[in-house]
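> Have a look; sequence and predicted model below, questions after that.
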Amino acid sequence: MATGPDGRQLVGPVNAAKTPRWAGLGTFARLPRIDEVEHADIAVVGIPFDAGVSYRSGARFGPNHVRESSRLLRPFNPAQSASPFALCQVADAGDLVANPFDISEAIDAIATGASELMDVGTKLVSIGGDHTIALPLLRAAHKAHGPVALLHFDAHLDTWDTYFGAEYTHGTPFRRAHEEGLIDPDAVMHVGTRGPLYGTQDLDDDERFGFGIVSSADVMRRGVDSVVAVLRDKVGDRPLYVSLDIDVLDPAHAPGTGTPEAGGMTSRETLEILRGLRGLNIVGCDVVEVSPAYDHAELTGIAAAHVVYEMLTLLALGPGAAPGSPAYGISETTYGESAEQDEPGGRV
C-alpha cells in the first residue's frame, strides 16, 4: 500500500496476482469505489447520457463498457514513467444520474453532481455519454477556476447553433460554452478535426469564437511533437480542460461511436499528444461518444480506457511536472524538435 504526499495510505487497484482480471466489480482499472476511500484526489465518473445525439445512439452504455475494457490496465505507466495510483488517491465515483427525457434538466443535474465532487477538492475524469455532457462539466470547471483553456479532440467542431431548434445537443456544447463565458477564447483549440461541413459559415463562426484547428491531416503531416508544441504554446499556464470525443480516432481504431468519420488519427498519435500535455495545469477531462453496440472486439472501449489512463496520469503528476522519459523505448521527446535516437535503450 502506497503512502500519499500528505501521509495518507492510498488504496490502489485490485491485485491481479490474487484476483483474476475478469472477476470482481467492474470499476475503472479495478480501482476502489469512492466510498471505500477517505478522500479521492482524482475520481473517474460515468455520465450515461445520450439524449443529445444527432445520429447513432448508444453512448449511454459507454461508461460501463469503458470500465470493462480497462481491466487489463496495470499500475505503472511506462510511457510517462509514473505510477499514477501511487501518487495520489484515485477512485471510481460511479455514475451521475441524469434525466434521459429532459436535456436541460440533465445538464443541470450533471453540473451539480460534478460541482459537488469538485467542491471537496476532487479532480474528475468523466466518461460519457454523448458530447452534450461537456457543457455542464465546463460549467462546473468554470465555477471552480473561472474561464478555462480548452483542448477539444474531435472529428467535428461541435460549435454549431441548433438541431431542429434545440440549443443543447452533442453538436453544440462549445458554442454554448463560448456564449456563457466558460472558456477562454484566447486558448481554445480543436484537434483531429476533419470531415464534411454544412458550409464555410461553420468555419467562420468557429474562428469568431476563438478556436484554432489542428486537423487530423495536420497531425499526419506535421508530426506529434510539432502539434504538441503548438498546443502547449496556445494553453500556456492557464487552467486547462481536455475534452476528447472518441471519434477523433479513425473508425479503424474506434468503430464504436455515433458519428464516425474517415481519415482520423491513430490511437498511437492520440495517446502521444495527450502525453505531451504533461505538466500543464489540467483541471478536468472527459472522454465521450463510446457506443458499444457498434464496437468490435472492444477496440473502441480499449482505446478509450487507455485515453482515460493517460488523463489520470497527467492529473496525478500535476501542473509543473518535468518532461518525462519513457521507461522503455529508444526515443526521448523534445517538443517541436526531432528527437535524437542515436543509441537504442530500454527493454525489448
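Now that the structure is in, tell me what you want to look at.

> List the buried residues of stretch 73-82.
Neighbour-count burial for stretch 73-82 flags 73, 75, 77, 79-80, 82 (criterion: 16 or more other C-beta atoms under 10 Å). Every C-beta, even on glycine, is put in place using the N, C-alpha and C of the backbone.

> Can I get those in a markdown table including secondary structure, distance to residue 164 and pLDDT?
Formatted as a markdown table, the buried residues of stretch 73-82 follow (DSSP: H, G, I helix; E, B strand; the rest coil; distance: C-beta to C-beta, whole Å; pLDDT from 0 to 100):
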| residue | secondary structure | distance to residue 164 | pLDDT |
| --- | --- | --- | --- |
| 73 | coil | 40 | 96 |
| 75 | coil | 46 | 96 |
| 77 | strand | 43 | 96 |
| 79 | coil | 43 | 95 |
| 80 | coil | 43 | 95 |
| 82 | strand | 46 | 96 |
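
> Can I get these in JSON lines including distance to residue 39?
Below are these laid out as JSON lines (distance: C-beta to C-beta, whole Å):
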{"residue": "73", "distance to residue 39": "22"}
{"residue": "75", "distance to residue 39": "20"}
{"residue": "77", "distance to residue 39": "22"}
{"residue": "79", "distance to residue 39": "28"}
{"residue": "80", "distance to residue 39": "24"}
{"residue": "82", "distance to residue 39": "21"}
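
> The strand ranked longest in the chain packs against which elements?
Longest strand of the chain, by residue count under DSSP state E: strand 183-193. Strand 183-193 makes packing contacts with strand 148-153, helix 173-179, strand 212-215, helix 216-222, helix 224-235 when contacts are defined by 3 or more C-beta pairs under 8 Å, 6 or more residues apart in numbering; DSSP states H and E.

> for it, what is the average pLDDT?
Mean per-residue pLDDT for strand 183-193: 98.

> ok, and what's touching it?
With C-beta atoms under 8 Å, 6 or more residues apart in numbering as the test, strand 183-193 has contacts from 138, 147-157, 174, 177-178, 206, 209-216, 219, 227, 230-231, 234-236, 238, 240-241, 248-249, 264-265, 270, 273.

> now it and helix 224-235, what's the angle there?
170 degrees (axes from the mean of the first three to the mean of the last three C-alpha atoms, to 10 degrees).

> Now do the buried residues in the very next helix or strand once past strand 183-193.
Counting by DSSP states H and E, the element after strand 183-193 in chain order, helix or strand, is helix 200-208. Residues of helix 200-208 classed as buried: 202, 205-206 (neighbour count, 16+ other C-beta under 10 Å).

> returning to that earlier point: which one of the helices and strands packed on strand 183-193 is the most hemmed in?
Ranked by mean neighbour count, the helices and strands packed on strand 183-193 are led by strand 148-153 with a mean of 26 (mean count of other C-beta atoms under 10 Å).

> Include distance to residue 66 when you put the helices and strands packed on strand 183-193 into CSV, please.
Output for these, formatted as CSV (distance: least, C-beta to C-beta, whole Å):
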stretch, distance to residue 66
strand 148-153, 16
helix 173-179, 20
strand 212-215, 25
helix 216-222, 22
helix 224-235, 24
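
> can those go into TSV with extra columns for distance to residue 9 and mean pLDDT?
Output for the helices and strands packed on strand 183-193, formatted as TSV (distance: least, C-beta to C-beta, whole Å; pLDDT from 0 to 100):
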stretch	distance to residue 9	mean pLDDT
strand 148-153	32	98
helix 173-179	39	98
strand 212-215	42	98
helix 216-222	42	97
helix 224-235	34	97
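
> Among those, which comes closest to residue 305?
With C-beta to C-beta as the criterion, residue 305 lies closest to strand 148-153 of those, at 15.7 Å.

> hmm, who's touching the closest one?
Residues contacting strand 148-153 (C-beta under 8 Å, 6+ apart): 138, 141-142, 158, 174, 177, 182-184, 187-192, 211, 231, 234-236, 238-245, 248, 270, 273, 277, 283-284.

> and the angle for that strand with helix 224-235?
150 degrees.

> Distance from strand 148-153 to the middle of the chain?
10 Å (C-alpha atoms, centre = their mean, to the nearest Å).

> Quick one, which of the contacts of strand 148-153 are buried?
Buried residues within these, counting neighbours by 16+ other C-beta under 10 Å: 138, 141-142, 158, 174, 177, 182-184, 187-192, 211, 231, 234-235, 238-245, 248, 270, 273, 277, 283-284.

> List the contacts of the residue nearest to residue 298 when sequence neighbours are not counted.
Nearest in space to residue 298, with sequence neighbours left out and distances taken as C-beta to C-beta, 6 or more residues apart in numbering, is residue 69 at 4.8 Å. By C-beta under 8 Å, 6+ apart, the contact list for residue 69 reads 298, 301-302, 304-305.

> With that, I have no additional questions.
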